[in-house]
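A.B. asks: Sequence first, then the predicted structure:
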Amino acid sequence: MITETVKLNHLKMAPRKVRLVANSLKGLSVNEAEAQLLISAKRTSGPLLKLLRSAAANLKNNKKVEADKFFIKEIRVDGGPMLKRWMPRAQGRATPIQKKSSHITLILAQLEKQKAPRFTIIKKEKISKLKFEKMKEKSKHKDQEMEGVLKPKKETKGSEKPGFVKRIFNRKAI
């Protein structure tokens with residue numbers, strides 16, 4: 001059975017907050033865990049997604065195995081070093097602040113029976129600046145063509161101007 005272990009050290013988030021997301025991933029296939037992290041609104045889902053994708057890339061490039069055949073066997077979040085700071089308070093006192101960090105260990109293991117994936121994840125294609133500029137120019141040309149074909153009609157009600165109603169109701173009492 002093939003396993004892959006990846007670590008993320010010194011993540012500047014409290015372990016308690018990271019564990020909330022990490023515990024929901026245990027036992028999921030790589031594909032399902034990635035989908036779970038993509039829809040998660042928690043701040044910790046970004047680094048965990050990056051770690052999971054790194055493990056999948058390691059399997060693909062180093063061991064020449066597809067990552068779809070793997071599941072998350074274990075994900076462990078341990079406390080890292082703490083930065084200790086002080087916050088001034090009333091009457092000359094100071095209270096301690098602990099800026100916590102986390103160490104994450106992710107272990108992927110091979111599935112005995114491969115299930116059909118429930119999700120397909122479409123990754124956005126990165127566009128270079130030159131391609132982006134060309135796409136922008138094309139959209140400008142289309143907008144100019146549409147202006148020639150469809151011109152919006154100006155709607156005016158009699159002698160009313162845009163600020164007429166505002167001026168009426170903002171007048172001071174005489």
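C.D. replies: Ah, there it is.
A.B. asks: distance of the residue nearest the centre of the chain from residue 125?
C.D. replies: The residue lying closest to the centre of the chain (CA atoms, centre = their mean) is residue 46, at 5.2 Å. Counting by CB to CB, to the nearest Å, the separation of residue 46 from residue 125 is 20 Å. Where C-beta positions appear, they are placed from N, C-alpha and C, glycine not excepted.
A.B. asks: Please, which helix or strand holds the residue nearest to the centre of the chain?
C.D. replies: Using DSSP states H and E, residue 46 falls within helix 45-62.
A.B. asks: Restricting the selection to alpha carbons, write that helix to CSV.
C.D. replies: The C-alpha coordinates for helix 45-62 follow below in CSV (Å, rounded to 0.1, in the frame of the first residue of the first chain):
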residue,chain,number,x,y,z
SER,A,45,-9.3,26.1,4.0
GLY,A,46,-6.8,28.0,1.7
PRO,A,47,-3.6,26.6,3.2
LEU,A,48,-5.2,23.1,3.7
LEU,A,49,-6.2,23.1,0.0
LYS,A,50,-2.7,24.1,-1.0
LEU,A,51,-1.2,21.3,1.1
LEU,A,52,-3.7,18.7,-0.3
ARG,A,53,-2.9,19.7,-3.9
SER,A,54,0.8,19.5,-3.1
ALA,A,55,0.4,15.9,-1.9
ALA,A,56,-1.5,15.0,-5.0
ALA,A,57,1.2,16.6,-7.2
ASN,A,58,3.9,14.6,-5.3
LEU,A,59,2.0,11.4,-6.0
LYS,A,60,1.6,12.2,-9.7
ASN,A,61,5.2,13.4,-10.4
ASN,A,62,7.3,11.4,-8.0
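A.B. asks: what sits up against the host helix or strand of residue 84?
C.D. replies: Assessed by DSSP H and E, residue 84 sits inside strand 83-88. Contacts to strand 83-88, defined as CB atoms under 8 Å, 6 or more residues apart in numbering, come from residues 94, 95, 96, 97, 98, 99, 101.
A.B. asks: Around the last one, count how many other residues there are.
C.D. replies: For residue 101, the count of nearby residues is 17 (other CB atoms under 10 Å).
A.B. asks: which residues touch it?
C.D. replies: Here residue 101 is in contact with 10, 11, 12, 13, 79, 80, 81, 82, 83 (CB under 8 Å, 6+ apart).
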